[in-house]
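Colleague: I need the structure of the sequence given here:
(chains A and B)
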Amino acid sequence: MVYVEDGELNAFDKGKLLYKMPKGSLVGVSAVMDHSKFKHDISASINSTLAIIDESALAAIFKKAPNWLLAIINSISKRTRSLKQSLEEPIFADPLQSLSKFLMLHYEGEPLEAEKVLKEFLWQTRASKDSVQNAVRELVRRNILKLFPDQSGKQNALISIEKPQILEILVDYLRCQHQNKIYPPLELSQRERACLEFLALEDSILIHNSGEWIKYLQIATPEASIVEIIKFQELGIFKHLQETNKLHLEKKILENFLLAIHNERSLTGSAL
Amino acid sequence: MKLRPKDILFQEGSKDGRLYIITRGSLIAQKREGAKSFTVGKIEEHTLVGEMSLLENLPHGLTLRASEETEVTVIGQEDLSKTLTNLPEWFPNLLHFMAERLRRAESNKEKIDKIHALPTLLFLFAKAAKGSKSGTFDLESIIDNLKVINGICYNDAYCLIRALCGLGIAELIPGNRTQIHFYKKKLPELLYKTLFARATGNTLPKELLSAGDQIVLSAFIKACKTKSKDFHGNTSVSLEDFLAAYKKVIPGIRLTARSLENLETCGFLFTEPPYSNGLDVKNISIFYADKEFVENLIELNRIYPLLDKKLPEAF
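Modeller: Sure thing, here's the model as predicted:
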């Protein structure tokens, strides 16, 4: 690294003048900091005085600097290096979550051609082949995907998804996991789960006041109380109808809760 | 400096020219994305925050909030100036060089992340456009899905969407739920497939046309606007109308049958009788094609070169 104490330097690339470096300029910082090669030819355009700063000179100066300044230099160097290294890396939170969402959106009822669809995913996300293969294996292990041969007998050529909604639920489950939160359907007690199962049987009258809903739940779960009603309201399973004291049973949300509960092992990936 | 739980050390976007060293406790880092604020991480003991604020007086990129009783040491501009007086005169230049290099690396990374998110965004747009009536749909779920598949954050996703709109292919419709409207509903799918074919194939996709082919198709669309008929589910125009339109699109150049060969081979534009060696234009009775597809194809060929040139400039 060189410091122009006086004079002026010119930077050339293949003989073409790129820029001039006046008095006070610092040249070749990367050569000392990152051990990288000089990018351009440098020559003096007028009589110049230069201070040459090599690694040992820099180390001697660093000894005089306070710790916080050295920490800044280290931190900036580290961040710059890591940004440069990560340019081609995927930025998604998790390949399993990313692939699940991608497959769910891709799926239109027919088996997917594994090679084609995964090639598309790799192109979109720049994920490594290994990480994608592991994610596929994980989805198969969790009984969410099935791989089977095509007509020519080529193994694992086709992907079938029995319940694409589970992929969506898995995405939500993983999102909660990344945020260190418990996925709401899986934190429900046995009593609350029993209440939800019973609520799912109701498909004619979906609007009652809370007292009526308690009575309804108590048919199958005698211990059911206002506590369950409040909890289900918080979870969006019951929606309060404005300007009335009635609660509407949100069937779609209820179905998602039950799907998650019924597929708990697939979501958590445990004991399969 | 002592902070109690939930005390804010600094707000995202604020400028104070200071560096903070967390000597005890920890802080939660939050970032605004649209109207929401998200926790992006935890800053633990013995960590520095605000290097670029101290060196370059840049605004803080995050909001930091104490998650417990926390102590921080503050290094301000005076401390920095005092320290630099004891160091060689080139030292500030070194610090500036390093800070500038980091800023360039961050900006480059942001730009590249946005460019990399384009295929997934087009994939999601294509899906949504297919399910919409007129090419208009909500953006919220698109941005959510983009974040899960690709990882790009809300602000960058919006920046990319605005840049795409800037190419004249779509417009944002403000409201309670922001929507996007594509002027040509099938364009996102066509763009997506073309980019995928370019990235994974050895040859250019057939949808990317030569200037000559684009002129012929433009003449066809122009002729359709004057007078057209239905022909087995396609749109047809007479030779006379086609030649009149062709003359307007490119005055002084005569149409030869040869210039129809590639379009017919690719299945984009047909003639009656079909193209063959030695066919004379004078003997063609009609030109016919899927008009909507041809319109999308022309738009694709207008947009395609802009993706590489204009889009990165917009970031």
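
Colleague: Could I get the full set of helices for the stretch 151-272 of chain A?
Modeller: A:164-178, A:190-199, A:210-220, A:226-234, A:251-262, A:264-268 (DSSP state H, counting those that start in this stretch).

Colleague: need these in JSON lines with mean pLDDT and distance to chain B, can you?
Modeller: Every C-beta, even on glycine, is put in place using the N, C-alpha and C of the backbone. Output for these, formatted as JSON lines (pLDDT from 0 to 100; distance: least, CB to the nearest CB, whole Å):
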{"stretch": "helix A:164-178", "mean pLDDT": "94", "distance to chain B": "6"}
{"stretch": "helix A:190-199", "mean pLDDT": "94", "distance to chain B": "26"}
{"stretch": "helix A:210-220", "mean pLDDT": "92", "distance to chain B": "30"}
{"stretch": "helix A:226-234", "mean pLDDT": "94", "distance to chain B": "20"}
{"stretch": "helix A:251-262", "mean pLDDT": "95", "distance to chain B": "15"}
{"stretch": "helix A:264-268", "mean pLDDT": "92", "distance to chain B": "16"}
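
Colleague: any idea how far the residue in the stretch 101-250 of chain B that chain A sits nearest to lies from B:F315?
Modeller: Here the residue of the stretch 101-250 of chain B nearest chain A is B:G151; by CB to the nearest CB that distance is 3.5 Å. As judged by CB to CB, to the nearest Å, B:G151 and B:F315 stand 17 Å apart.

Colleague: Show me which of the two is the more surrounded one.
Modeller: Taking neighbours as other CB atoms under 10 Å in any protein chain shown, B:G151 and B:F315 compare with B:G151 leading, 21 against 16.

Colleague: Can you tell me how far the more buried one is from A:T125?
Modeller: Where A:T125 is concerned, B:G151 sits at a distance of 8 Å (CB to CB).

Colleague: go on, B:L297?
Modeller: Relative to A:T125, B:L297 is positioned 28 Å away (CB to CB).

Colleague: Which one's more surrounded, these two?
Modeller: The neighbour comparison of B:L297 against A:T125 (other CB under 10 Å) goes to B:L297, with 28 against 25.

Colleague: what's around the residue lying closest to B:D280 once chain neighbours are set aside, how many residues?
Modeller: With sequence-adjacent residues excluded and distances taken as CB to CB, 6 or more residues apart in numbering or on different chains, B:D280 is closest to B:A257, at 6.4 Å. Neighbour count of B:A257, defined by other CB under 10 Å: 18.

Colleague: Let me see the contact set for B:R258.
Modeller: By CB atoms under 8 Å, 6 or more residues apart in numbering or on different chains, B:R258 lies in contact with nothing.

Colleague: wait, B:E69
Modeller: So B:E69 contacts B:K2, B:L3, B:R4, B:P5, B:R24, B:G25 (CB under 8 Å, 6+ apart).

Colleague: May I have the phi/psi pair for it?
Modeller: phi -60, psi 120 (degrees, to the nearest 10).

Colleague: A:E162 too?
Modeller: Dihedral pair for A:E162: phi -70, psi -50, per degrees, to the nearest 10.

Colleague: thought it was touching A:R142?
Modeller: No: contact criterion CB atoms under 8 Å: A:E162 and A:R142 do not qualify, at 11.9 Å.

Colleague: who touches the closest residue to A:N143 other than its chain neighbours in this structure?
Modeller: Leaving aside its sequence neighbours, A:N143 sits nearest to A:S266 (CB to CB, 6+ apart; 5.4 Å). If you count contacts by CB under 8 Å, 6+ apart, A:S266 has them with A:R142, A:N143, A:I144, A:I166, A:L170, A:L272.

Colleague: Please determine how far A:S266 is located from B:L172.
Modeller: 39 Å.

Colleague: got it, and A:K252?
Modeller: From A:K252 over to B:L172 the distance is 29 Å, taken as CB to CB.

Colleague: tell me the contacts of A:N263?
Modeller: A:N263 makes contacts with A:K163, A:I166, A:I169, as judged by CB under 8 Å, 6+ apart.

Colleague: The first one against A:L259, yeah?
Modeller: Spelled out, it's A:K163. Yes: A:K163 is within contact range of A:L259, at 7.4 Å (criterion: CB under 8 Å).

Colleague: what's the span of stretch A:154-174, first residue to last?
Modeller: One end of stretch A:154-174 to the other measures 32 Å (CA to CA, to the nearest Å).
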